[in-house]
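In: predicted model and sequence below, questions to follow.
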Amino acid sequence: MNLRDFFFVFFSFLAVFGGFLTVTRRSPVYSALSLVIFFGAISGVMMILAAPFLAMMQMMVYAGAILVLFLFVIMLLALKEEELGGERPWPIQLLAGLGCAMLFGMIAHAILKTPLKPAAPIGQDFGSAEAVGHSMFAEYVLPFEIVSVLILAATIGAVVLAKKHLPQPAPVTEEPEEAHH
Amino acid sequence: MLTLHNCLLLSTLLFATGVFGVVARRNVLIILMSVELMLNGVNIAFVAIARFYPGGSNAPAGHIFVLLTMAVAAAEAAVGLAIVLSYFRNRKTADTDEMRVMRW
Amino acid sequence: MSVVPVLVWVERRVCAWMQDRVGPNRVGPLGLLQPLADAVKLLFKEDVIPAGADRMLFVLAPAIAFFPAAMVAAIIPFGAPIRFDDSYTLHLQVCRGNIGMLLFLALTGLSVYGIAFGGWASNNKFALFGGLRSSAQMISYEIAMGLALVSIFMSSESVDLNRIVGDQTGTWLGFLPKWNAFRQPLAFLIFFVAAFAENNRLPFDLPECDAELVGGFHTEYSSMKFSLFFLAEYAAMFGSCCLITTLFLGGYTLPGIDYSAPHGTLFSLLSIGIFFAKTGLLLFFYIAVRWTLPRFRFDQLMHLGWKTLIPLGLANILLTGVISQP
């Protein structure tokens, strides 16, 4: 097993571990911390799968921006331990776990049944920033522009939704100047 | 070890973990985080297929799609968290079982 | 990491000089052993974990803060590549490859976590506010930093730091070096200001200064954990200065010398010296600014980041695109 395979196994185990921790922690702060580990592991897997630009983008966008947003909201809500609320009773959680295991089993079965075609060779510059940039701004510029409009809409929507509506100050009656002191 | 089957199995496992998080948890923030988990699982699948069957280009459609998916995930997280914040300000709860204002 | 004690000593002496006093000069010759004394004192202090604090996060937070700060040094080329006789070229850069600068942006994003978790885990209102304010400040100025970097990438047509340094050799008119500080002055200014804000240094250190929020996010930290936060801040400062030198001031190159072919070992050592000289100049400037300017209020800080630097960064990108039309 060469170094690349070792790192792939390491990062995938880390990702599964991080994902498992995320969905099972009671406090959202610990979930967020495990999600950081998860995003780091996914970034590592992407590096091994010859997508260096995407790996860096994953860290920058997910771990650097989205999760910070999550952390802000978690800390602003500041839920104490007693306010966290109950979780579902354990039989329901077990049932959900079995259901998800069945989902995984069905898809895994379908994956393992399809035969593998031989993998195509990849170039030296595969997945680099230049290649992705060329592709994005040549062939896929329309989806890029649409997504940018979507992000604009999301920004405006988020600002409007999360705005704190301060109460309007009551109108002040005019004080005469000589009554000041 | 680094075969397409293994990568797709990893992707499916992460997706299934995310589904468990969405279905079995009550805290709305953890549900949103599980949605991110699912999206990342799918991203891995795209990157793996792009790696093994690139179709001649140095940045196949898989990579572009992953980038756009990341952007959409960011937008969805932002709006979702804004909704959570404004709901919490009004109702003081982040528990999805208590968010039953519009239920019958 | 060994630069940090030297930096601490330099900071205290420079600040003393600017304030017309002497500064530490008792411990060792010229007070050079003062940081060692500080470190020993910090190690022996009682390690307090406040009651009600989240133990695991409290202990982890300084480590999370230190990790990205230390890793920035991995992408910086410290000197010209050394060519050994048996055709082996030693590159003085730990992480080569064409994603260097993107790694820096990713690490900048990660550096928010140490502070956010430190503030949260302390179970202390002031610490929480300091942590949140600091996180908000850092993510705001990340954007301005990224925009300034985009115009550098546009003018060098590469994300690789070696290529960017190579593009800065040569001169205009025979005497003005082709540094990015002169080719992209607006980007230099924006990046410089944003780097100050990213490192939580004055004039942007509202979240951690003593007069405002007690100690900000590191109020409750003592001894080793506090020193780790401290170390992280100085390491980040050093990393930022190295990066600014590489990106804007020509890195390890001097104008007028040909760097395309690898030279001998002495040449590379000299280039390391040049690099550290430039970085040292920038660090001195950093420290001088800290003890000169008053600090920004938080809303002024946010206004600067969002309403001034980001439009300027966008305008700079537009200008670069228009000017460099072939």
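Out: Structure's in. What do you need? Numbering: from 1, shown residues only, chains lettered A, B, ... in the order given.
In: buried set for the longest helix along chain C?
Out: For chain C, the helix with the greatest residue count under DSSP state H is helix C:125-156. Buried residues in helix C:125-156, defined by neighbour count with 16 or more other CB atoms under 10 Å in any protein chain shown: C:126-156. C-beta: built from backbone N, CA, C; applies to glycine.
In: try stretch A:144-157
Out: A:Val147, A:Leu150, A:Ala154.
In: what does stretch C:285-297 give?
Out: Result for stretch C:285-297 [16+ other CB under 10 Å]: buried residues C:Tyr286, C:Ile287, C:Arg290, C:Arg295, C:Phe296.
In: which pair of those residues spans the longest distance?
Out: Farthest-apart pair in the buried residues of stretch C:285-297 is C:Ile287 and C:Phe296; separation 18.0 Å (CB to CB).
In: worst-scoring helix or strand of chain C, pLDDT-wise?
Out: Scoring the helices and strands of chain C by mean pLDDT, DSSP states H and E places strand C:89-90 at the bottom, with a mean of 64.
In: same thing with chain B?
Out: helix B:61-91 (a mean of 92).
In: that one and chain C in contact?
Out: No: counting by CB under 8 Å from any CB of the partner chain, chain C has no neighbours in helix B:61-91; the shortest distance is 12.5 Å.
In: domains for chain C, by residue range?
Out: According to automatic domain parsing, chain C comprises the domains C:1-44, C:55-324.
In: ok, which of those domains comes nearest chain A?
Out: Among the domains of chain C, domain C:55-324 comes nearest to chain A, with 2.1 Å by CB to the nearest CB.
In: doesn't A:Gly123 belong to a helix?
Out: No: under DSSP: H, G, I helix; E, B strand; the rest coil, A:Gly123 sits outside any helix and is assigned coil.
In: okay, now it: neighbour count?
Out: 13 (other CB atoms under 10 Å in any protein chain shown).
In: hmm, it is touching B:Ala59, no?
Out: No: applying CB atoms under 8 Å as the test, A:Gly123 and B:Ala59 come out as separate, 10.2 Å apart.
In: give me the element the residue nearest to B:Asn40 when sequence neighbours are not counted is part of.
Out: Excluding its sequence neighbours, the residue lying closest to B:Asn40 (CB to CB, 6 or more residues apart in numbering or on different chains) is A:Ile42, at 5.2 Å. If you go by DSSP states H and E, A:Ile42 is part of helix A:28-48.
In: check the offset of that helix from the chain's centre.
Out: 9 Å (CA atoms, centre = their mean, to the nearest Å).
In: same thing with stretch A:51-62?
Out: Worked out by CA atoms, centre = their mean, stretch A:51-62 lies 12 Å from the chain centre.
In: then stretch A:124-136?
Out: Relative to the centre of its chain, stretch A:124-136 is centred 23 Å away, using CA atoms, centre = their mean.
In: neighbouring contacts of it?
Out: A:50-54, A:144, B:51, B:54, B:57-61, B:63-64, B:67, C:98-99, C:102, C:159 (CB atoms under 8 Å, 6 or more residues apart in numbering or on different chains).
In: mean confidence score for that stretch?
Out: Summarised as a single mean, pLDDT over stretch A:124-136 is 83.
In: re the thing from before, and the residue nearest to B:Asn40, how far is that from chain C?
Out: The spacing between A:Ile42 and chain C, counted by CB to the nearest CB, to the nearest Å, is 13 Å.
In: quick one: neighbours of that residue, just the number.
Out: 30.
In: OK, contacts around it?
Out: A:Phe11, A:Ala15, A:Gln58, A:Tyr62, B:Asn40, B:Asn43, B:Ile44.
In: who wins on neighbours among those residues?
Out: Busiest of the contacts of A:Ile42 [other CB under 10 Å] is B:Asn40, holding 30 neighbours.
In: look up how far chain C lies from that one.
Out: Where chain C is concerned, B:Asn40 sits at a distance of 16 Å (CB to the nearest CB).
In: contact partners for that residue?
Out: B:Asn40 neighbours (CB under 8 Å, 6+ apart): A:Phe38, A:Phe39, A:Ile42, A:Tyr62, B:Leu14.
In: same thing but at 10 Å, please
Out: Contacts for B:Asn40 (CB atoms under 10 Å, 6 or more residues apart in numbering or on different chains) come out as A:15, A:19, A:35, A:38-39, A:41-43, A:45-46, A:58, A:62, B:11, B:14-15, B:18, B:66, B:69-70, B:73.
In: and if you look at A:Leu98?
Out: Contacts of A:Leu98 by CB under 10 Å, 6+ apart are B:Phe20.
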